[in-house]
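Trainee: With the sequence up front, the predicted model follows.
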Amino acid sequence: MTTVHTDDLDAYDDIVWDGVQHSYRPSPDWRDRVSSTLAIDTAADEDLDPVTFEVLRNRLWTLNLAHGDTLSRMSGSPIFQALDFNMSILTEDGEIVMGAPFIQYLNTGSPLMIRYLMERLSENPGIEEGDIFLASDPWIGASHQMDVCIAAPVFVDGKLFAWVSNAAQQYDLGGIVPGGWPQNAPDIFSDPIIFRPFKLVEQGVLRPDLEEMFRRQSRLPDMVALDLRAQLAGCRFAAQRLQETCEEFGASTVKAAMRSILDNAQAAFARKLERVPDCTLSDVLYFDELMPGDRTTHRVQFNVTKRGSRLIIDNVGTDPQVDGPIGFTYMNFAGIVLGVVGQTMLHEHTFSVGGAERQIDFRPRPGTLSCVDYPAAVSGSVLNVSSAYMRLHNVFSRLMACDPQLKEDLVVSGPDVPLTVIAGADEGGRVFGTALTEASGFGGGARSHSDGVDTSGASYIPLIRMPNIEASEQFYPMLVMYRRAAPDSGGAGRWRGGVGMEVAITPYHAAAIDIVTNAGGQGVSTNQAVGVFGGLPSPTARYEVLAGTDIRDRWTDGEMPRDVAELTRREAQTLRGKSNGTPLNADDVLLLVVCGGGGYGDPLDREPERIADDVAQGRVSVEAAAALYGVVLDGDAVDAGATGVRRTEVRAERATWRPAAEVFEGTAPYDVASATAEPAVSVHEYVVARDDGERRVLACATCNHVLSDYRDNYKRGLLVDQTGVDVLPRVDDPRAFLDEDMVLRRYCCPGCQTLMTIEIARASEPMLTEVVFR
Amino acid sequence: MTILDTEHGTQPPGSTCIGVDVGGTFTDAILSDGTTVWRAKAPSTPGDLGAGVLDACERVAERAGTTLDALLPSVARFGLGTTAVTNAIASRTGRRLGLVTTQGFEDLVPMARAMRTHVDGWLTTPDSLVDRERIRGVRERVDRTGTVLTALDPADVVAEVQWLVDHHQIEGLTVSFLWSCVNDAHESAAVAAVRERFPDLPLTSGAELLPVVKEFERTQFALLNAYTGGALDGVDTLAAELAARGLRVSPLLVHSGGGSISVAEGRNVPATMAESGPAAGVIAAQAICAATGVSNAVTGDVGGTSFDVSFISDGVASRRSTGELMGIWTALPMIDINSIGTGGGSIGWVDSLNILRVGPRSAGANPGPACYGRGGSEPTVTDALVVLGYIDPAQFLGGTMTLDSDAAMAACETLAGQLGMSAVEAAWGIWEVAKSSMTRALRARFAEQGVDQREFSLITMGGCGALSSAEIAHELGLRGVVVPELASVLSAFGAATSDVRRERSRAVSVLLPDGSDVLAQTAKELADEVRADLAADEVPDEDVTIGLIADVRFFRQHYELQIPWDGGLDEDGQAALVKRFTSEYVSRYGSGAVSTGAPVELVTLRAYGLGATVRASLAQYDDGPGGVPEPSGERLIHLTRGSEPTSVPTVVGDTLQPGHRLTGPAVIDAADTTIWIPETFTATVDSYRNLHLEAAK
């Protein structure tokens, strides 16, 4: 057992990443342990004409998407319909040549699984043409046990030419709570079952005994069997098409195209990184509720160090793992970084994350919440993976804002997923259970040049769809009272986060319905998507059960209430972010509020006319227009005079905030930066790096006020205000859920009072460092 | 199952077919008597569709040596395609709409189920056809079984519509409620109340137009039809006038799927006409592929305002039934056609960085290019081609229209002044930019399809398509170019060649085998309805073929396969259907894909009716003497940038005969198109007088 107690990343070199206690990571010499009986095809043409390259690149893309189409069309699961899967094409040694626009982090573990197979299984039971392997071990390649990975070797002329893989969320695979997200699992032994990699299909023949073993683990074996067939057929389909492509173009030509795709993506990523100054960016987020009812919070930190054309990612500052399903494994730690990079920095390279991966050193400390060791419970914590993914959007937004071209592509964080599962039986006794896919109808994060997309769905599932109301009501014993955009649910900013929505449902011809809630991060207690560069966070999601309402009487009276506020109720209960089995009876109503994305830039910089339009479209309330944006409306129109006065008042109030260096004493040591004689460069929406006499400093881009030395934490030069998060619309005091005191800190320029950044932290935390330049 | 695979109607000897295509700039007409095809063009008349159509028809009758009035009584087929609906969508100039829907679901259309479309590589919400402010909810609710939970007061609907009219001056309205597909009582009551109070307000209803269980798709379809409703104004008047002048058959409109529908049905669902004209062109191109043995082709249609491309693989045109149409989400089945903004009328201009740009703004039909002499002063692609010598101003449209070459030169000079170059250089610039933009668009489409372009031929359509096709094909490494004899009027020809197709469907959701009479009953009702639809389209009963299609899936799946069902509805027939489904499933997903014993569900039953109509056929000609055709003269053309004009031999298109062969450089002046054969190319004429261009090896 290896234990590391140091922040010295080099000391991590001795960690044994063997997939037993720590996660599996292939060591540099892993290829030496691949069986010599496995013939591997590495031949690639030296010259590839550009037309053939383009044809093959698109052929592979189409083939990979068709793989996904096969999966979703054959499946019977509503989860597959929400596109909770992804698929890849990989080289013979497991580099991802191409991903697809489905869940971005879901299949980034396939290189781990494939290298494990080659290293450990190629001798016995061997890897042969027609074989297909299955694995769901989160310490190898699965995001969590429910995301079952399937990988098939592709052979050409008897040699291993490539791999195809998919990973998809299963309907149920055991564990102490149906559906695979047990939030009361102290450790892995209460979680859904783990499958170490095994060969399910031998040379084209499915082993019935192993399929039976797999089915036997599920509460819904037929559903799982249908989905398994879909996953196997997807891999078979992709493998066959890849073989046909090799026949048509020649294997060495196809391989050359695969290598070029990777090399191009790597080169493009490296070139982009070179345009950004060397720095270390950090962000801190918290995970609530070890188990339902628990009132503690847990700290997770990401540090992204950019050096030249490379990135080093570590998790120094992250709490050690604890009992309860809130942490995630190495596969996710790396996968979410690759997912965000693929989306924002490689979108023109067909999600070829294998190319980017070559430029990144992942240095997480194991045994921590973002790189848990066996036997932590992990299945129920997958929503925290999503929350961490979203926060990484902000880290990369700050990185990308340092270059004018990259800045165009940045996307601010979207919200946490307020997963809601309803399960029970209809009046005919038919059992049902489903995650409400409405939970994914949240708003997108703002961009550096435009608002986030309203009710867009998760950034990491670009092709996600919401179901029709009629489809939901047809399949499940429920009635939807309304589904509508939620005003003020997007983070305020110069560019506004997209808004989320409110859905109210009530049982309808149901025998019994139970609600399970499972929200990521602090999405129900404190905040959702945090904004960047002064953009404000989106508010908390909300689960509210109104028990014993008069809804049925209202129907009898021929009424359909517009809002749950119109209903009388015996009792109203706000559910926690994690809860198991709250009954929803016939007269009860569940209100689910799904929030929007984080904002970008100071809300006072938003044009008043845009606010008037936001109000007219129901995206911002009149109250929030005045409180957050300083915009006063006169009917539908902007009251320019009153708006000017109001904005001046807000700035005057900010001028009274206290210097951050006084509030938070002490700073990390740094070497004073000398003047470089280089011109001023923008490193933040509101900050430039420039010479100031003999020094290189960070200064306000608006008023030129010097904020700090170039290598110091610029926030020390700002004014800070520390309040409760409930100053924001739609946010209640988190102490209803938490023992911890959570605060919102807003930082503005002492010179011009521009809101430059915000952070949400435990009250006991010192000022958080978001960036240090080198 | 596509109607494209079927060959139903033919052209009986002695009958006459007229096909018309109303484009943005020209209205084309063809006339076929079964052995000869005549063609003519007339300027389009935006806002008064009929005038241009009649003008083109009169001209084509004249070409055939008769008059329209003399001809009309013998016309057995009158087909019409139009880009009017396309233009309304592309330019976002449809009606200003209001939507009345179930209270609580007003955001349904703007949310669009989180559908996404591409804008500059980023995914964003598709444009909504109706602004959020003009969506009003009324109190009413029906449950999934059709039971009324909350009754509708039609007065509420009238009040909301009054508000929309007063505050937003709406020009059209859609009414669409939840579950109106199961019980349309509320929706039809609302429609009736609105029609009574606002008799002149165009109105569509989701339950009337698309009664399927999917409220977003249903509402969107109703909205799109309300939005585009005005685009076909004038088509009824045209039909009436044609009838008054002796036409004995009803005109048929071509829809986006390449089939035909009656004028009444077109007025009812104008959205289905969104790609009418281009689809007709692709249908014609498909016929040419079949006739000439080309199996893989990309069609490139250079019109007045845009360049449209589509793919024919293994002889069948690509289709799609999902996705977006010009930024609007739609689920209409249609021929897959992509438009980019460069056509003959596209205007050359200089941007703020002093870079020469071409399009997307177009001179359209009025005033048209400067050389049309209708007051246009900005240089277009057509003007550039006149200046460079490719187009003979005296022989435009077969000599029916004389172009003003001085005006073309003057327009190019204006641009040249801004760029600090000569007029000829500016013209060359416009032509180069236009060609490279077409090449880029085609390259991108090939890339998206993931097919090898070297296997494909380019079929050119449109008036100036054949001037650039050889160079584009060469640049992309295509197999070759086919210039159909009817290149410039291909859509008009296509409009006279498609069958009438109608379809009705109903959700049944039964597990097979099903012992009840639900299937038999439903199939009979659907068939009767389709028969009635075709009768309304005036297809005689003896020309009608009815077929059944079953949408089948394994129980609990979410996607169905459409399986033709022709083996009877009894137990044996059902067993055959299941067998056919399973084998289709295995062929798509592999033999390991089927889980034994999984129940099979028949979700939706569809009846379709094909109405075989008289249709125009391609004219075939006897072999000529072969060899090189006689040149008609010479023309001075600027062959390269900055070069002095070179004398190039010209050939009159009418003199081309099957077996002819000529080598570039040469210009062929055909009736209403000009074909450029570059120096390294050879052209041969086939028995349909299509020209095949291939690069010298």
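Mentor: Received, thanks.
Trainee: Looks like B:Phe177 contacts B:Gly137 (just checking).
Mentor: No: if you go by CB atoms under 8 Å, B:Phe177 and B:Gly137 don't touch, sitting 9.9 Å apart. Glycine gets a C-beta too; all of them are placed from N, C-alpha and C.
Trainee: what is in contact with these two at once?
Mentor: Shared contacts of B:Phe177 and B:Gly137 (CB atoms under 8 Å, 6 or more residues apart in numbering or on different chains): B:Thr101, B:Thr102.
Trainee: For these two, indicate the residue with more neighbours.
Mentor: B:Phe177 (30 against 22; other CB atoms under 10 Å in any protein chain shown).
Trainee: how far away is the closest residue to B:Ser310 other than its chain neighbours from chain A?
Mentor: Nearest residue to B:Ser310 in three dimensions, chain neighbours excluded: B:Ile337, at 4.5 Å (CB to CB, 6 or more residues apart in numbering or on different chains). Relative to chain A, B:Ile337 is positioned 19 Å away (CB to the nearest CB, to the nearest Å).
Trainee: State the number of residues packed around the closest residue to chain B within the stretch 201-350 of chain A.
Mentor: Across the stretch 201-350 of chain A, the shortest distance to chain B (CB to the nearest CB) belongs to A:Ala233, at 4.1 Å. A count of nearby residues for A:Ala233, using other CB under 10 Å, gives 26.
Trainee: Wait, it touches A:Thr70, no?
Mentor: Yes: the criterion here is CB under 8 Å, and A:Ala233 meets it with A:Thr70 at 5.8 Å.
Trainee: Show me which residues of the stretch 101-250 of chain A sit near chain B.
Mentor: A:201, A:204, A:206, A:222-223, A:225-226, A:229-230, A:232-233, A:236-237, A:240, A:248 (CB under 8 Å from any CB of the partner chain).
Trainee: Among those, which pair sits farthest apart?
Mentor: Greatest spatial distance among those (CB to CB): A:Asp222 and A:Glu248, at 38.7 Å.
Trainee: Mind checking the pLDDT average for stretch B:45-65?
Mentor: The average pLDDT within stretch B:45-65 is 91.
Trainee: same check, this time on stretch B:343-352
Mentor: pLDDT averaged over stretch B:343-352 gives 83.
Trainee: And the contacts of that stretch?
Mentor: Stretch B:343-352 is contacted from outside by B:24-25, B:302-307, B:356-365, B:368-369, B:378-382, B:384, B:412, B:415, B:418-419, B:426, B:429-430, B:433-434, B:462-464, using CB under 8 Å, 6+ apart.
Trainee: Identify those among the residues you listed that sit within strands.
Mentor: Of those, the ones assigned to strands by DSSP state E are B:Val302, B:Phe307, B:Leu356, B:Arg357, B:Val358, B:Gly359, B:Pro360, B:Arg361, B:Ser362.
Trainee: nearest to chain A, of these?
Mentor: Closest approach between the ones in strands among the contacts of stretch B:343-352 and chain A, by CB to the nearest CB: B:Phe307, at 20.3 Å.
Trainee: Now do the residue nearest the centre of chain B against chain A, distance only.
Mentor: By CA atoms, centre = their mean, chain B has its centre lying nearest to B:Glu275, at 2.7 Å. Here the criterion is CB to the nearest CB. By it, B:Glu275 lies 23 Å from chain A.
Trainee: could you list every residue that touches the closest residue to B:Thr382 other than its chain neighbours?
Mentor: Using CB to CB, 6+ apart and skipping the chain neighbours, the partner closest in space to B:Thr382 is B:Pro369 (4.1 Å). Residues near B:Pro369 by CB under 8 Å, 6+ apart: B:Gly344, B:Gly345, B:Ala363, B:Gly376, B:Thr380, B:Val381, B:Thr382, B:Asp383, B:Ala408, B:Ala411.
Trainee: Quick check: buried residues in the strand or helix carrying A:Arg229?
Mentor: Secondary-structure assignment from DSSP states H and E places A:Arg229 in helix A:221-249. Of all the residues in helix A:221-249, those buried under the rule 16 or more other CB atoms under 10 Å in any protein chain shown are A:222-239, A:241-243, A:245-246, A:249.
Trainee: One more: stretch A:511-518?
Mentor: So stretch A:511-518, judged by 16+ other CB under 10 Å, has buried residues A:Ala512, A:Ile513, A:Asp514, A:Ile515, A:Val516, A:Thr517, A:Asn518.
Trainee: What distance do you get for the fourth one to A:Glu470?
Mentor: When you say that, I think you mean A:Ile515. A:Ile515 sits 22 Å away from A:Glu470, going by CB to CB, to the nearest Å.
Trainee: same check, this time on A:Arg207
Mentor: Using CB to CB, A:Arg207 is found at 41 Å from A:Glu470.
Trainee: So the two - more neighbours on which side?
Mentor: Set A:Arg207 next to A:Glu470 and count neighbours by other CB under 10 Å: A:Glu470 wins out with 22 against 14.
Trainee: where does that one land in three-state SS?
Mentor: The local conformation at A:Glu470, judged by DSSP: H, G, I helix; E, B strand; the rest coil, is helix.
Trainee: Check A:Pro750 too.
Mentor: coil.
Trainee: Can you read off the backbone torsions of it?
Mentor: The phi and psi values for A:Pro750, taken as degrees, to the nearest 10, are phi -70, psi -20.
Trainee: Setting aside sequence neighbours, what's the nearest residue to it?
Mentor: Nearest to A:Pro750 is A:Leu719, by CB to CB, 6+ apart, at 5.2 Å.
Trainee: Spatially nearest residue to A:Ala677 (excluding sequence neighbours)?
Mentor: Computed as CB to CB, 6+ apart, the closest residue to A:Ala677 that is not its neighbour in sequence is A:Asp691, at 6.7 Å.
Trainee: Just want to check the distance between the closest residue to A:Val254 other than its chain neighbours and A:Leu285.
Mentor: Take A:Val254 and drop its neighbours on the chain: the residue closest to it by CB to CB, 6+ apart is A:Cys246, 5.1 Å away. Look at A:Cys246 and A:Leu285: by CB to CB, they are 45 Å apart.
Trainee: Kindly report the domain assignment for the chain.
Mentor: Let's take chain A. What automatic domain parsing lists as the domains of chain A is A:31-269, A:411-601, A:604-656, A:659-773.
Trainee: that answer is for a different chain, and I need it for chain B
Mentor: With domains defined by automatic domain parsing, chain B comprises B:3-88+B:232-284, B:96-201, B:346-431, B:500-611.
Trainee: Now do the SS call for the closest residue to chain A within chain B.
Mentor: Residue of chain B nearest chain A, by CB to the nearest CB: B:Gly104 (3.0 Å). With three-state DSSP as the basis, B:Gly104 sits in coil.
Trainee: and it, how many residues sit next to it?
Mentor: Around B:Gly104 there are 24 other residues, counting by other CB under 10 Å.
Trainee: is it true that it touches B:Arg139?
Mentor: No: the pair B:Gly104 / B:Arg139 is not scored as a contact, 9.1 Å apart, by CB under 8 Å.
Trainee: Give me the common contacts of these two.
Mentor: A:Met560.
Trainee: Phi and psi next, for B:Gly627.
Mentor: The phi/psi pair for B:Gly627 (degrees, to the nearest 10) is phi 80, psi -160.
Trainee: Pairing partners for it in the sheet, please.
Mentor: Beta-bridge partners for B:Gly627, by DSSP bridges, are B:His660.
Trainee: Look at it and report its pLDDT.
Mentor: 89.
Trainee: right, and it touches B:Arg661 too?
Mentor: Yes: look at B:Gly627 against B:Arg661 with CB under 8 Å: they come within range, at 7.1 Å.
Trainee: What pLDDT is listed against the residue nearest to the centre of chain B?
Mentor: B:Glu275 carries a pLDDT value of 83.
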